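A.B. asks: Here you go, sequence then predicted model.
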Amino acid sequence: MIFLGFGFLLTFVRRFGFSGVGFNLLIAAFGIQWAVILDGVLFHFKEGSIMINIPSVLIGAMSTVPALISAGALLGKVNPVQLVWMTLVEVTLFTVNRWIISDLLMIEKHTSLMFVHIFGTYFGLAIAWFFYHPLLGKNMEKERSQPMSDMLSMLGSLFLWMFWPTFNSVLVPGASKRRNAVYNTYYALAVSAVTAFSFSICTNARGKLNMVHVRNAVLAGGVAVGFSAYLIYSAWIAMTIGFLAGMISTLGFTYIQTCLNSAIQIHDTCGVHATFGLPGLLGGVSYILLISIGDWDNITRLGYQALIGVVCLCITLVMSLGGGLLTGFFLTCKLWNAPKHWKYFDDQAYWEFPHLANKL
Amino acid sequence: MIFLGFGFLLTFVRRFGFSGVGFNLLIAAFGIQWAVILDGVLFHFKEGSIMINIPSVLIGAMSTVPALISAGALLGKVNPVQLVWMTLVEVTLFTVNRWIISDLLMIEKHTSLMFVHIFGTYFGLAIAWFFYHPLLGKNMEKERSQPMSDMLSMLGSLFLWMFWPTFNSVLVPGASKRRNAVYNTYYALAVSAVTAFSFSICTNARGKLNMVHVRNAVLAGGVAVGFSAYLIYSAWIAMTIGFLAGMISTLGFTYIQTCLNSAIQIHDTCGVHATFGLPGLLGGVSYILLISIGDWDNITRLGYQALIGVVCLCITLVMSLGGGLLTGFFLTCKLWNAPKHWKYFDDQAYWEFPHLANKL
Amino acid sequence: MIFLGFGFLLTFVRRFGFSGVGFNLLIAAFGIQWAVILDGVLFHFKEGSIMINIPSVLIGAMSTVPALISAGALLGKVNPVQLVWMTLVEVTLFTVNRWIISDLLMIEKHTSLMFVHIFGTYFGLAIAWFFYHPLLGKNMEKERSQPMSDMLSMLGSLFLWMFWPTFNSVLVPGASKRRNAVYNTYYALAVSAVTAFSFSICTNARGKLNMVHVRNAVLAGGVAVGFSAYLIYSAWIAMTIGFLAGMISTLGFTYIQTCLNSAIQIHDTCGVHATFGLPGLLGGVSYILLISIGDWDNITRLGYQALIGVVCLCITLVMSLGGGLLTGFFLTCKLWNAPKHWKYFDDQAYWEFPHLANKL
């Protein structure tokens, strides 16, 4: 029944209507197939045939997550053909990245999958740099959400919230570690949700809540605790990570996003940097700290473990940013017939609207 | 935890608002009770008492699916009392059909349940023939969907997508066959989704996507692979079935549906023929091919297996069409106070709207 | 995978937009943490440290349900700070109540958790008495629902419907009793749904359905059968309870709610009294009858069992009403800056609306 975890892939970004939910389904369906084949080739290649089993379907589903996160950063600015190409390149690079981390650097398999958040975010941001247009601010009117679509989006968030413990635990070997991962994730998520509410009020001039903060920051705890959920043995550590994640996510939305938009000229539609990027980095750092502390008495192993952790993080960042820049360059080719900036965030460019037919 | 499968029964048709979701719940709740009792009488009758156990609840839930599919074809054209009568007759006939197939023709129990799609569709279409009205086209304005209700409907589709592997595998005996069924269903669903997107673009004059195609055709793969999911041992067969299903479903929507409407005078509200009917037939045919190929060296058994398969398919078609015609005739009686054609697709005929009260 | 049960906590009340869903998430996240800590202190305190395990997370989640129910009665009339304080007090009192019932009166643990519905309802109603305002009727315009938000709310109901059997069975020890609880809950829910439809038509002057009745009364069966689901061995008893629950819930909405509003001056926003309160009481009474009948031949034990049951019910009622009155008094302090009655049911008091920014 673990396959319910698939659900979260699909309810992810539904703020911009048809395109959001439709293209997402397309990316997920396409990405899973490609990831299963790739995983078979790289990890299970034996005597000319590929073995596909249940874990490989699960790993395939998880390898599609970076593509969905990147799509969140690009939403409304690219067409479906570009998204499919992006998925193809991104899933390939992520699987190679995972192979380097788990087969060469000997990091556990389930941990290597937790780099999805970091990889997806920076890959997406690097591509978004190519699709920036100074008039993106003028499109804000189309980009704005309606109360009802915000509600649907919140629903998607709650689904993710619900399935996060499954996501963080499903590949952890050993029942006791898996249980540990499940409830540490719950504590982190719960604390992160409460923190998101508090900081959302604090950062607003009139003391009001912002739905965007709440919707995204509630997930930050799950992202941040992903790496280390299985090895935390005291609830307060999970809660601290959840608190920090909720905090940097909300602050990231308020301060860093504006700065990204104007200074570095990256327009991040869904704010994936604050939702997945920053908490992912926090999770990586906390993971390095936690595995280092486990070898406190052995200074050589401590240094070695910490070094491996830092190297993994750097490889992931370099591969995602580098891959993203190359893909972004590739996707700006005229060949793809990318939507012009005045067509950004417009469902009607891609979808037939029968209910508009009689109004025209 | 298998009972989550129930969920998919309820999120099925939500395009036409309150009636869609409300009457669906009514049919599901009523149908399950009736199906459980019938199943007990026909299959588990021992010494005057009926044994009810967990599988019987599952089978009951599945036997309600044809009634939900038929309701999809009739949606907006009949009143709840007529739907309840239809459920009563349809569940009874389907259970009898299942009894013939599994007890007389010795088809495995879980396979006999996969005829739900074919049975539900043709039963529903036969009834829809009686409720056709030449002015149904004029009602198109009411029948049209809004973006937001399309989104809700898409949400329902994604649920079905998620639960389909459970639906196809839950009654398959043996853990390895069940796992097989789960991932073959996934492959078929994923390929079907990608195919639906491609063909939706290809069949549209301006190269745009159509939400109705996407929403329904993504499920076609799961319907088609239902019969044979447990016995396919190579992923590419499941993928081929998924591709064919996605194709005929999208083409069915574009070409056959219009033809049904004008030529044969059947108005199929939700397009169940393209979503469940055609892929179901494809699934039946592919099942017959696959079990026949399994006995390739023994020509007698091959012929026998193929014959049994064809007979099952024919019995199902005859019973569903015949039952549907009788039920349709029965439901057009004046006794039921059926809605007039100008009241078709109108929630206000059945529901109290408190939010309209102060506008009037 | 049992943790999916969490889902139902969050999709509960979504009729009044952002505040409904947002504050609900806040209460759930905050309440679970508090309940886990409390449960650890009261039931698992050993040698200065608290043991937290999977059941304690489950129990924590269930102990948050009364706070969510009470929030349903108060929705739109209090601010988030008041809700957090209410959660704090209510979860504490409910855990104490549970401790009295299970440790002092020796009621089984899983049964003691089924008092959540009664406790939550009467606690909430007692608080609502303090927040009554004669002009609440005038706010009806804001309080009215839109068709689309009604649909979302129905979606929440269907989720609860789906997860109810899990909720009623998850803590029952012993696989056969648990299975028993699952399917008795299904029968009760199915009968309750059909009954809700019938009575909704019967109580309406023009024979129309009312979405509010359907949405809430379909759940009544699950609430009522909660106490005794594990010990019912004939389906017809579960069905009778479901029928009675659906009936009193629908009648409660139509007749008792209006009376509550005008005569006793309690305004119950979501109608929790009819959804959870009355069916909960019915469940309590039926539980007492059923355990008494089990000891039919031993008149002393019969009396003792019945007495214990009645005492439990009374303690719960006294603690919830008493606690609610105290909390209500405490929450009307000026300190909390409660919203004025003309701001009741207004999302804009708490949420930043970016999509309104350019309209002003």
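C.D. replies: Everything's here; your move. Numbers count the residues shown, from 1 in each chain, chains lettered A, B, ... in the order given.

A.B. asks: Every contact and neighbour count from this point should use C-alpha atoms.
C.D. replies: OK.

A.B. asks: Which stretches in chain A count as strands?
C.D. replies: For chain A, applying DSSP state E gives strands covering A:45-46, A:49-50, A:209-210, A:351-352.

A.B. asks: my read: residue A:61 touches residue A:32, true?
C.D. replies: Yes. Counting by Cα atoms under 8 Å, residue A:61 touches residue A:32, with 5.3 Å between them.

A.B. asks: between those two, which one's more packed in?
C.D. replies: More crowded of residue A:61 and residue A:32, by other Cα atoms under 10 Å in any protein chain shown: residue A:32, with 27 against 22.

A.B. asks: Report pLDDT for the more buried one.
C.D. replies: The score at residue A:32 is 81. That number is its pLDDT.

A.B. asks: and it, how far is that from residue B:195?
C.D. replies: Distance, residue A:32 to residue B:195, by Cα to Cα, to the nearest Å: 14 Å.

A.B. asks: repeat for residue A:84
C.D. replies: Residue A:84 sits 13 Å away from residue B:195, going by Cα to Cα.

A.B. asks: Name the residue in those two with the higher neighbour count.
C.D. replies: Remark: of residue A:84 and residue B:195, residue B:195 carries more neighbours, 27 against 19, as counted by other Cα under 10 Å.

A.B. asks: How about the contacts made by the more buried one?
C.D. replies: If you count contacts by Cα atoms under 8 Å, 6 or more residues apart in numbering or on different chains, residue B:195 has them with B:243, B:246, B:247.

A.B. asks: Can you convert those residues into JSON lines and add a column each for neighbour count, pLDDT and distance to chain A?
C.D. replies: Converted to JSON lines, the contacts of residue B:195 look like this (neighbours: other Cα atoms under 10 Å in any protein chain shown; pLDDT from 0 to 100; distance: Cα to the nearest Cα, whole Å):
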{"residue": "B:243", "neighbour count": "25", "pLDDT": "91", "distance to chain A": "13"}
{"residue": "B:246", "neighbour count": "38", "pLDDT": "90", "distance to chain A": "13"}
{"residue": "B:247", "neighbour count": "23", "pLDDT": "90", "distance to chain A": "15"}
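
A.B. asks: Inside helices: which ones of those?
C.D. replies: B:243, B:246, B:247 (DSSP state H).

A.B. asks: just the residues you listed now: which is nearest residue C:299?
C.D. replies: residue B:246 (67.2 Å; Cα to Cα).

A.B. asks: Looks like that closest one contacts residue B:216 (just checking).
C.D. replies: No. Counting by Cα under 8 Å, residue B:246 does not reach residue B:216; the two are 9.1 Å apart.

A.B. asks: Just give the closest residue to residue A:26, not the sequence neighbours.
C.D. replies: Spatial nearest neighbour of residue A:26, excluding adjacent residues (Cα to Cα, 6 or more residues apart in numbering or on different chains): residue B:194 at 6.0 Å.

A.B. asks: Now do the same contact list for that neighbour.
C.D. replies: Contact analysis of residue B:194 by Cα under 8 Å, 6+ apart lists A:26, A:29, A:30, B:218.

A.B. asks: Now restrict those to buried residues only.
C.D. replies: Buried subset of the contacts of residue B:194 (neighbour count, 16 or more other Cα atoms under 10 Å in any protein chain shown): A:26, A:29, A:30, B:218.

A.B. asks: Which of those fall within helices?
C.D. replies: In this view, these that belong to helices under DSSP H are A:26, A:29, A:30, B:218.

A.B. asks: Now the two most distant members of those residues.
C.D. replies: It's A:30 and B:218 that sit farthest apart of these, by Cα to Cα, at 12.2 Å.

A.B. asks: From the contacts of residue B:194, pick the one nearest residue B:106.
C.D. replies: Residue B:106 lies nearest to residue B:218 out of the contacts of residue B:194, by Cα to Cα, at 31.9 Å.

A.B. asks: hang on, the earlier thing: could you dump the ones in helices among the buried ones among the contacts of residue B:194 to TSV with distance to residue B:227?
C.D. replies: Formatted as TSV, those follow (distance: Cα to Cα, whole Å):
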residue	distance to residue B:227
A:26	25
A:29	22
A:30	24
B:218	17
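
A.B. asks: Could you check the pLDDT of residue A:89?
C.D. replies: What the model reports for residue A:89 is a pLDDT of 90.

A.B. asks: how about the helices in the stretch 201-350 of chain A?
C.D. replies: With helices called from DSSP state H, counting those that start in this stretch, the stretch 201-350 of chain A shows them at A:211-225, A:235-251, A:257-262, A:272, A:278-293, A:299-331.

A.B. asks: I'd like the average pLDDT over the next helix or strand after the third one.
C.D. replies: Read that as helix A:257-262. Next along the chain after helix A:257-262, taking DSSP states H and E as the criterion, comes helix A:272. When pLDDT is averaged along helix A:272, the result is 79.

A.B. asks: contacts for helix A:272?
C.D. replies: Taking Cα under 8 Å, 6+ apart as the rule, helix A:272 contacts A:69, A:70, A:72, A:73, A:121.

A.B. asks: Now do it: distance to the chain's middle.
C.D. replies: Computed by Cα atoms, centre = their mean, to the nearest Å, the separation of helix A:272 from the middle of its chain amounts to 7 Å.

A.B. asks: repeat for stretch A:187-203
C.D. replies: That offset, for stretch A:187-203, works out to 19 Å (Cα atoms, centre = their mean).

A.B. asks: so residue A:38 touches residue A:92, yeah?
C.D. replies: Yes. Residue A:38 lies in contact with residue A:92 (Cα under 8 Å); the separation is 7.2 Å.

A.B. asks: returning to that earlier point: overlap in contacts, residue A:30 and residue B:218.
C.D. replies: By Cα under 8 Å, 6+ apart, residue A:30 and residue B:218 have these common neighbours: B:190, B:194.

A.B. asks: what bridges to the closest residue to chain C within the stretch 201-350 of chain A?
C.D. replies: Residue of the stretch 201-350 of chain A nearest chain C, by Cα to the nearest Cα: residue A:209 (4.6 Å). Under DSSP bridges, the beta-bridge partners of residue A:209 are residue C:351.

A.B. asks: low-scoring stretches of the stretch 201-350 of chain A, by residue?
C.D. replies: Counting by pLDDT under 70, the low-confidence segments of the stretch 201-350 of chain A come to A:261, A:295-296, A:334-350.

A.B. asks: Alongside chain C, which residues does it contribute?
C.D. replies: Taking Cα under 8 Å from any Cα of the partner chain, the part of the stretch 201-350 of chain A that reaches chain C is made up of A:207, A:208, A:209, A:210, A:211, A:214.

A.B. asks: Does residue A:316 touch residue A:116 like I think?
C.D. replies: No. Applying Cα under 8 Å as the test, residue A:316 and residue A:116 come out as separate, 9.3 Å apart.

A.B. asks: shared neighbours of these two, anything?
C.D. replies: Contacts common to residue A:316 and residue A:116, judged by Cα under 8 Å, 6+ apart, are absent.

A.B. asks: Tell me, how many residues neighbour residue A:174?
C.D. replies: Around residue A:174 there are 9 other residues, counting by other Cα under 10 Å.
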